[in-house]
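Colleague: Would you be able to build a 3D model of this:
(one chain, ligands or ions: 1)
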Amino acid sequence: MFKKVLIANRGEIALRVIAACKELGIRTVAVYSEIDRGSLHVQMADEALCIGPAKSADSYLNIPAVISAAEITDAEAIHPGYGFLSENPSFAEVCQMSGIAFIGPRPEVIRLMGEKAEARRAMKKAGLPVLPGSDGLVKTEEEARAAACAIGYPVIIKAAAGGGGRGMRTVREPAELLTLYHQAQHEAAVSFHSPDVYLEKYIDRPRHIEFQVLGDNEGNVVVLGVRECSIQRRHQKLIEESPSPRMDAATRAEMSERVANALRATGYSNAGTVEFLMDQEGRLFFIEMNTRIQVEHPVTEMVTGVDLVKAQILIAGGEPLSALVSEPVELRGHAIECRINAENPQTFAPSAGRITKFHAPGLVGIRVDTAAHADCVIPPYYDSLVAKLIAHGRDRTEAITRIERALDMFVVEGILTSIPMHQRIIADPDFLLGNFDTSYVQKFVPEQKVVAGK
Ligand code: MV4
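Modeller: Okay, here's the model as predicted:
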């Protein structure tokens, strides 16, 4: 068991990791940028070091500064949270070379899953269903044309070095292919410092379903249910839930087993999320894997009772899965999360600033993960997340009733937030029936005119 862990992150996830460490009797080191000096994660940690100015590149992404902070404080391990350095294989390697445990998968697994075309090839080989697509990267116009022809239009061009929608272009007919191929390569190079792209059959209006996994250092892997993450706008998730209203228990059990087998074969350790698209016929296709704890991890914790962050820390410390999770994993009830962001609920424009009044409702079945408080400032340098509001109920209806009440009673003044948007969605008949896919939010917020192929 580690004696001291450094948290290389900020905001609600830094507090979340500090809480898990406290429960495990582990001392904590916070790192912070100059603008975060007064933040709660600094206050709550046993030690805290300033690692640079507000700009992420000079602070939370500053590998020498983070490693130095760990060495100065004798931290034996670093928890990266999500975002920032959490999926940077070089950072995980530098930790290893410095004799500091990285709380996450091995660097080579982070690297494999970060190369989306290689991840697709590896998961296909390990038995997961994938869409028709190119066999690896598409390096020339000729290869692009041949691959698109073999797959059949429409196809989607994707950046191999990054996810989240950047560098993606949908090609509906051959005449568009070359222009969009070069556009995708350019955007991939700008966004991910690599122009590498690959092709897949395009699924229109998919649902986004993901499986939570935990693996230990002895090759054991367990799947902890699924999350439905289709309510998102421009690849930013807004509402997540577990289980999925559109996946029956048999399908979930069958794909969970295939995911567990695939990750055992990969030698996966620590927490991870396996992302699928579900087509309109309900078929699942692997698209990518995330090798970090995710923002939406609380909905899985609420239905499984497993503390995923404690599990990450214990696994990195050498604990076997059998000491952390009893199998078969029992899923209880339903959980829904609303991401409350500092933004204009109509235009989604960021609304940074000082919160003058803040009240998070403590109701039955409600959890609030936040680092916000009255008089705190939401700075413009980082993501706009103010709080994660999570409701658990015996079923989806009760979870919705509870989150509706909590949204009504949530007080945030001084900035605009996405609370009104969540209230509209939660009351929408299609949402209540589970009738939605990744295009759902567009009916609430018509996108500006879509540029061809985006
Ligand atoms: C797709 C797709 C349709 N067909 N792949 C978006 C970011 C990355 N996670 C993968 N994404 C997509 N991949 C194929 N073959 C549609 C999307 C997509 C999407 C996926 C999940 C959640 C929201 C989305 C929004 C737009 C596009």
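Colleague: What residues of stretch 307-322 count as buried?
Modeller: 307-317, 319, 321 (16 or more other CB atoms under 10 Å). C-beta: built from backbone N, CA, C; applies to glycine.
Colleague: taking those residues one by one, which sit in strands?
Modeller: Using DSSP state E, no member of the buried residues of stretch 307-322 falls in strands.
Colleague: Which parts of the chain belong to which domain?
Modeller: 4-103, 132-201, 207-450 (automatic domain parsing).
Colleague: Among those, which comes closest to Ala122?
Modeller: domain 207-450 (6.5 Å; CB to CB).
Colleague: How far off centre is that closest one?
Modeller: Relative to the centre of its chain, domain 207-450 is centred 8 Å away, using CA atoms, centre = their mean, to the nearest Å.
Colleague: now the residue most central in space within the chain: how far from Glu301?
Modeller: The centre of the chain sits closest to Gln294, judged by CA atoms, centre = their mean, with a distance of 3.6 Å. Noted for Gln294: a distance of 11 Å to Glu301, by CB to CB, to the nearest Å.
Colleague: How about the contacts made by Asp74?
Modeller: Going by CB atoms under 8 Å, 6 or more residues apart in numbering, Asp74 touches Lys4.
Colleague: And the pLDDT at it?
Modeller: On pLDDT, Asp74 comes in at 98.
Colleague: From the chain's centroid, how far away is stretch 134-153?
Modeller: For stretch 134-153, the distance to the chain centre is 29 Å (CA atoms, centre = their mean).
Colleague: Residue numbering should commence at 49 henceforth.
Modeller: Yep, numbering from 49; the last one is stretch 182-201 now.
Colleague: Is the ligand within reach of that stretch?
Modeller: No. For stretch 182-201, no contact with the ligand is found by CB under 6 Å from any ligand atom; the gap never falls below 9.6 Å.
Colleague: what is the mean pLDDT for that stretch?
Modeller: The model assigns stretch 182-201 a mean pLDDT of 98.
Colleague: what's the answer for stretch 245-257, then?
Modeller: The average pLDDT for stretch 245-257 rounds to 98.
Colleague: The stretch 199-348 of the chain: strands as residue ranges?
Modeller: 203-207, 217-219, 245-249, 255-263, 269-281, 284-290, 318-326, 332-338 (DSSP state E, counting those that start in this stretch).
Colleague: Give me whichever of those strands is most buried.
Modeller: Comparing the strands of the stretch 199-348 of the chain by mean neighbour count (mean count of other CB atoms under 10 Å), strand 203-207 ranks first with a mean of 26.
Colleague: Okay, now the sheet partners of that strand, with direction.
Modeller: strand 217-219 (antiparallel), strand 245-249 (antiparallel) (DSSP bridges).
Colleague: Looking at these, which is nearest to the ligand?
Modeller: For the ligand, the closest of these is strand 245-249, at 3.8 Å, according to CB to the nearest ligand atom.
Colleague: Which secondary structure elements does the top helix by length along the chain sit against?
Modeller: Taking DSSP state H as the criterion, the chain has its longest helix at helix 297-314. Counting contacts by 3 or more CB pairs under 8 Å, 6 or more residues apart in numbering; DSSP states H and E, helix 297-314 packs against strand 255-263, strand 269-281, strand 318-326.
Colleague: same thing but at 6 Å, please
Modeller: strand 255-263, strand 269-281 (3 or more CB pairs under 6 Å, 6 or more residues apart in numbering; DSSP states H and E).
Colleague: could those strands be laid out in CSV, adding distance to Gly100?
Modeller: Listed next are the helices and strands packed on helix 297-314 as CSV, based on distance: least, CB to CB, whole Å:
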stretch, distance to Gly100
strand 255-263, 33
strand 269-281, 31
